[in-house]
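A.B. asks: Structure for this input, please:
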Amino acid sequence: MSDRQLTEVASGFTYTEGPRWHEGRLWFVDFYTHSVNVVNSDSSVEEVCTVEHQPSGLGWLPDGRMLVVSMKDRKVLRLEPDGTLVEHADIYEHCGGHANDMVVADNGRAYVGEFGFDLMGGADHENGVVVLVDPDGSSQVAARGLSFPNGMCISPDGKTLFVNELFGNRVSQFDIEQDGTLGARRDFASFGDLGDEPNVEKRLTACTIAPDGQALDAEGAVWVADCANQRALRLGEGGTILDEVSTAPLSVFAVALGGHDGRTLFLSLAPDFDEAKRSAAREAKIMSTIVDVPHAGRP
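C.D. replies: Predicted coordinates for the structure are as follows:
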């Protein structure tokens, strides 16, 4: 395990998610203040907009307009140049639970994961889908049968989508076809099939990794936020653990690579993901550390 120094980037939030390095600044959302935020060069934090139904994944269209997932009403919103948020896509019909993380390709196509079931309401586990949203706002299911599809990245050549399966004990990947649809799922890193176990706690107990947010580096490895084990892991294809950063006593729920040379690993930390506890406190923060291999791909 790497004994790296962690540096505080931002604090005093409820539950930070979706960190993205974009145009020289770190962007992130805070679930229970419903805010999209950016960290400026002087370390001040600026609120960009608020999302009434809870923000999650962030991305940008080729023309520079920001997309943000609106979780509870299962939409993708678009921030216009005048600062207004408008509906980009309504994906409600495709989702079995909250819409969640998202990655936007350089051509403007967005891939959005969803819970698949009512996690916060205590429902039994059910598999979810990845939704493809085209730049015109039309949408379709691109992949099915994923165990809580969460953090996602796209390879630098735009041909491969990586998807964390939070309750699936694995990271999956897909070929991206020319029309944006996805080929068959295959393992990038798998630590054992959990089958059809419906109990979320039992699934988590059986997991070697519980991969939440994800970042891709220039050697083709992925950093994952292993939220059940208070660590960020760098995984090579096949599941080899190449590096590990402890975040104890806090858990880590998202990661991003950025900074001036792409070697800063940003980590979204909180005590847990309990909605009632997190919405009532301001214990979440973003920390950073320096790693050896720089960022690659999208986001």
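A.B. asks: need the helices for the stretch 51-200 of the chain, in chain order.
C.D. replies: Using DSSP state H, counting those that start in this stretch, the helices assigned to the stretch 51-200 of the chain run over residues 200-206.
A.B. asks: how about the strands in it?
C.D. replies: Secondary structure of the stretch 51-200 of the chain by DSSP state E, counting those that start in this stretch: the strands cover 55-60, 66-70, 75-79, 85-90, 99-104, 110-114, 128-133, 139-146, 149-154, 160-165, 170-175, 186-190.
A.B. asks: Buried residues in stretch 77-95, which are they?
C.D. replies: Across stretch 77-95, burial judged by 16 or more other CB atoms under 10 Å covers Leu77, Arg78, Leu79, Leu85, His88, Ala89, Ile91, His94, Cys95. Where you see a C-beta, it was placed from the backbone N, CA and C, and this is true even at glycine.
A.B. asks: my bad, stretch 272-280
C.D. replies: Buried, per 16+ other CB under 10 Å, within stretch 272-280: Phe273, Glu275, Arg278.
A.B. asks: coming back round to it: dump the strands of the stretch 51-200 of the chain to a markdown table, plus mean pLDDT.
C.D. replies: Shown next, in a markdown table, are the strands of the stretch 51-200 of the chain (pLDDT from 0 to 100):
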| stretch | mean pLDDT |
| --- | --- |
| strand 55-60 | 98 |
| strand 66-70 | 98 |
| strand 75-79 | 98 |
| strand 85-90 | 98 |
| strand 99-104 | 98 |
| strand 110-114 | 98 |
| strand 128-133 | 98 |
| strand 139-146 | 98 |
| strand 149-154 | 98 |
| strand 160-165 | 98 |
| strand 170-175 | 98 |
| strand 186-190 | 97 |
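A.B. asks: a markdown table please, covering these and showing distance to Ala248.
C.D. replies: Formatted as a markdown table, those follow (distance: least, CB to CB, whole Å):
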| stretch | distance to Ala248 |
| --- | --- |
| strand 55-60 | 25 |
| strand 66-70 | 29 |
| strand 75-79 | 35 |
| strand 85-90 | 37 |
| strand 99-104 | 24 |
| strand 110-114 | 27 |
| strand 128-133 | 29 |
| strand 139-146 | 29 |
| strand 149-154 | 20 |
| strand 160-165 | 21 |
| strand 170-175 | 22 |
| strand 186-190 | 22 |
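A.B. asks: And those: which comes nearest Asp243?
C.D. replies: Closest approach to Asp243 among the strands of the stretch 51-200 of the chain (CB to CB): strand 186-190, 13.5 Å.
A.B. asks: now the angle from the closest one to strand 170-175?
C.D. replies: Here strand 186-190 runs at an angle of 150 degrees relative to strand 170-175 (axes from the mean of the first three to the mean of the last three CA atoms, to 10 degrees).
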